[in-house]
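> when you get a sec, could you give me coordinates for this:
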Amino acid sequence: MTPPILDTLPFCDTLCTPGAEAAERRFLWREPWLVSSAYIGDAFRHPARSRASTIPGLRRPGPFRILASRLPFGGGALLLATAAEAVLLEDEDDAMRVFYAGRDGEARTIKVVTLGSTHERAMRNEVETLTLLAGYDTIAVPGVIDTHEQGAHLFVIQEFAPGRRYEGRRDQRRFVYSALPQLLATYRRHGIRAAPLGEVLQRDTLPRVREIAGDKDSAPPFLARLARVVAADPAVPVSLCHGDLMPSNLVISSGRTVFLTWERAREDCVVFDLARFAMAQPRSRYLNRAVAAAAAQLGAGQDAYGDQLTAFVARRMLRDPKAAERLLAYWWAQVGIG
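The predicted structure follows:
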């Protein structure tokens, strides 16, 4: 069954390609993507040109997958009348991203969300944050071009940063020399204030984490330190944070690092923000030491950094109890029993 939100594609076309007639084209399912077979075919015919219009996060199907899509049995293709190059479905009925390759630097992304949904609140938060960051001029982010409400949906038009997504170990040095300075400059530009840990950590964190950690081997030292940290309620550096700082939300575009997906942006502990990225490479001493050094620049010395990292791991454990073992292993590698 075709997701209903795809019915908004004609309106997306009028916003990005006004006056153009969208002929029906074949799109390939690449869950959760739908990708124009013409776009993919162009990538094979003109690889150099296609690199300049890469859609972040999209892994193009190989030639056999393209061939299969043209067969009447099991191609899994879908015919859509749209000028878009790719569609990313998110919770099918509530959110969608539509990509237009454009010409002469006019590539665009349209984010479509259902009014009244949690996605709408997140999208309005992203628009507000990107508008604020555009004024700071300290960090590379997609610009917000316009917003529209039509029917039951909100449409947000953004600049499209073509390139490739960050890859953990491959791009860790790039993160330290390109992304990290942008983040530190943004924290400072927004303003860093000292706030009690209790402002960014739920009051019932300790008992809930005790229940989650259970009798795991590394739980006793972790819980002991967490208890000390919660009791002390130390001051932590708080500023505007990305909220979901992962390699998948950073893209290398025209040689620079661009930060995507600001839907979860909020005032938070900056160490929590940085540790979210470092956790993607838990065995990288280089990356984790760089993050610790950056935290020190923001007022979190070695002991304070260990305390804040302990609190961060506890909060992550509340959000994803099934990852408790992995989170404790990360904590042990970075903090240990100090």
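> from here on, contacts and neighbour counts on C-alpha atoms
Noted.
> check the secondary structure at V98 for me.
Three-state call for V98 (DSSP: H, G, I helix; E, B strand; the rest coil): strand.
> that one - how many residues pack around it?
Neighbours of V98 under the rule other CA atoms under 10 Å: 23.
> over to the nearest residue to it once chain neighbours are set aside. Which of the three states is it?
Leaving aside its chain neighbours, V98 sits nearest to V87 (4.6 Å; criterion: CA to CA, 6 or more residues apart in numbering). Assigned with three-state DSSP, V87 falls in the strand class.
> mind listing what E24 touches?
79-82 (CA atoms under 8 Å, 6 or more residues apart in numbering).
> among the residues you listed, which are in helices?
Per DSSP state H, helices hold no members of those.
> who wins on neighbours among those?
T82 (23 neighbours).
> I'd say that one and T8 touch.
No: applying CA atoms under 8 Å, one finds T82 not in contact with T8, separated by 10.1 Å.
> follow-up on the earlier one: so which of the contacts of E24 sit within strands?
Secondary structure from DSSP state E places 79-81 of the contacts of E24 in strands.
> quick one: least confident of the residues you listed?
For the ones in strands among the contacts of E24, the weakest pLDDT value sits at L79, with 83.
> of the ones in strands among the contacts of E24, closest to T14?
Using CA to CA, A81 comes nearest to T14 of those, at 12.3 Å.
> beta-bridge partners for that closest one, please?
E24 (DSSP bridges).
> the residue lying closest to C16 once chain neighbours are set aside: what's it in contact with?
Nearest non-adjacent residue to C16, counting by CA to CA, 6+ apart: R108, 7.1 Å away. By CA under 8 Å, 6+ apart, the contact list for R108 reads 16, 99-102, 157-160.
> which strand residues bridge R108?
Counting by DSSP bridges, R108 is bridged to Y100, E159.
> if I look at it, what pLDDT would I see?
Looking at R108, its pLDDT reads 89.
> please begin residue numbering at 40 from this point
Got it, first residue is 40 now, which makes that one R147.
> for A122, see how far away it is.
Using CA to CA, to the nearest Å, R147 is found at 12 Å from A122.
> mind listing the shared neighbours of these two?
Shared contacts of R147 and A122, defined by CA under 8 Å, 6+ apart, comprise Y139.
> helices along the stretch 190-339 of the chain, start to end?
Taking DSSP state H, counting those that start in this stretch as the criterion, the stretch 190-339 of the chain carries its helices at 211-213, 219-229, 244-252, 258-271, 309-317, 324-336.
> can you list those helices in a markdown table and add mean pLDDT, mean neighbour count and distance to Y369?
Formatted as a markdown table, the helices of the stretch 190-339 of the chain follow (pLDDT from 0 to 100; neighbours: other CA atoms under 10 Å; distance: least, CA to CA, whole Å):
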| stretch | mean pLDDT | mean neighbour count | distance to Y369 |
| --- | --- | --- | --- |
| helix 211-213 | 93 | 17 | 17 |
| helix 219-229 | 97 | 17 | 21 |
| helix 244-252 | 94 | 17 | 14 |
| helix 258-271 | 95 | 17 | 11 |
| helix 309-317 | 94 | 24 | 10 |
| helix 324-336 | 90 | 18 | 11 |
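> nearest to G174, of those helices?
Smallest distance to G174 across the helices of the stretch 190-339 of the chain (CA to CA): 10.2 Å, for helix 219-229.
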